[in-house]
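1. below is the structure, and that's it, no one-letter string:
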């Protein structure tokens, strides 16, 4: 059974720091992996999607990498800002035909001004 | 463009009551999903649909039912509410299969349900 874990569960950093969020999955047979942002009391917003054949994706100050063989993905946030404060979730998509996303438990990030 | 809308935003139910959580999307997406999110946890898939008339179970379907009579609507039914169903419920839609090139999901704002 595929399990997705995110460490740390919570993180507090001063503004301007570069930081890394981790996502681990137990079964390397994934189709792709997505990173989401969730603001308090809100739904999820997709940040980056990495196909299983890709190693990384970038969007602005965000960079996500994927190492399928080791079952790991990282989300790198450069020059963090207070507006980056949110919960970040990763989700893996199981192989073709199942249409199922498995979510991690999330990392709650607070960037201090 | 409203995207994915969910009603109600909040609801308190007594044990044994029933209710329907509504979800509507105006993007003509074939794929729709219901998730629940318990405090401090990730999302767990309850049910999903790949098109009108087609639904299937996710990870945690017990105690819930769904229907998909139109492309736009995907209601979630709780028949006999239990305290274990206290959670935040999210509906999502996607234009493509998760295994296509761009399976981005669009989420609704959620329904916060308390069963006492």
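-> Arrived safely, thanks for sending. This one's a predicted model, so the numbers in the text were calculated from it and none came from an experiment.
2. burial count for residue 67?
-> Chain wasn't specified; assuming chain A. Neighbour count of residue A:67, defined by other CB atoms under 10 Å in any protein chain shown: 12. Backbone N, C-alpha and C define where each C-beta goes, glycine included.
3. meant chain B, my bad for not saying
-> Residues within reach of residue B:67, counting by other CB under 10 Å, total 16.
4. that one and residue B:26: what is the separation?
-> 19 Å (CB to CB, to the nearest Å).
5. and chain B, which of its residues are near chain A?
-> Residues of chain B lying close to chain A by CB under 8 Å from any CB of the partner chain are B:4, B:31, B:33, B:35, B:40-45, B:48, B:50, B:56, B:58-59, B:90, B:92, B:97-99, B:101-110.
6. is it true that residue B:7 touches residue B:22?
-> Yes. Between residue B:7 and residue B:22 a contact is recorded at 4.7 Å, counting by CB atoms under 8 Å.
7. so between the two, which is more surrounded?
-> residue B:22 (16 against 13).
8. so which strand or helix has that one?
-> Using DSSP states H and E, the element containing residue B:22 is strand B:19-25.
9. buried ones in that strand?
-> B:19, B:21-25 (16 or more other CB atoms under 10 Å in any protein chain shown).
10. and stretch A:17-24 with chain B, contact?
-> No. Applying CB under 8 Å from any CB, one finds stretch A:17-24 separated from chain B by no less than 10.5 Å.
11. quick one: mean pLDDT over that stretch.
-> Mean per-residue pLDDT for stretch A:17-24: 96.
12. for it, which outside residues touch it?
-> In this structure, residues lying in contact with stretch A:17-24 by CB atoms under 8 Å, 6 or more residues apart in numbering or on different chains are A:4-8, A:11, A:13, A:33, A:35, A:71-80, A:88, A:90, A:104, A:107, A:109, A:111.
13. now do stretch B:71-83
-> By CB under 8 Å, 6+ apart, the surrounding residues in contact with stretch B:71-83 are B:13-26, B:28-30, B:32, B:34, B:46-47, B:49, B:51-52, B:63-68, B:85, B:89, B:91, B:93, B:113, B:115-116.
14. near chain B, which residues of chain A?
-> Counting by CB under 8 Å from any CB, chain A comes close to chain B at A:4, A:6, A:9, A:31-32, A:34, A:41-46, A:49, A:51, A:89, A:91, A:93-97, A:99-106.
15. residues that sit against both of residue B:7 and residue B:22, list them.
-> Residues touching both residue B:7 and residue B:22 by CB under 8 Å, 6+ apart: none at all.
16. check contacts around residue 68.
-> The chain I'm using is chain A. A:28, A:30, A:52 are the contacts of residue A:68 under CB under 8 Å, 6+ apart.
17. switch to chain B, that's the one I care about
-> B:32, B:49, B:51-55, B:74.
18. mind checking which of these land in strands?
-> Among those, the members found in strands (DSSP state E) are B:32, B:49, B:51, B:54-55.
19. most widely separated two among these?
-> Farthest-apart pair in these is B:32 and B:54; separation 10.3 Å (CB to CB).
20. looking at those two, which one has more neighbours?
-> For residue B:32 versus residue B:54, neighbours defined as other CB under 10 Å are more numerous around residue B:32 (28 against 10).
21. what mean pLDDT does the strand holding residue B:22 get?
-> For strand B:19-25, the mean pLDDT works out to 97.
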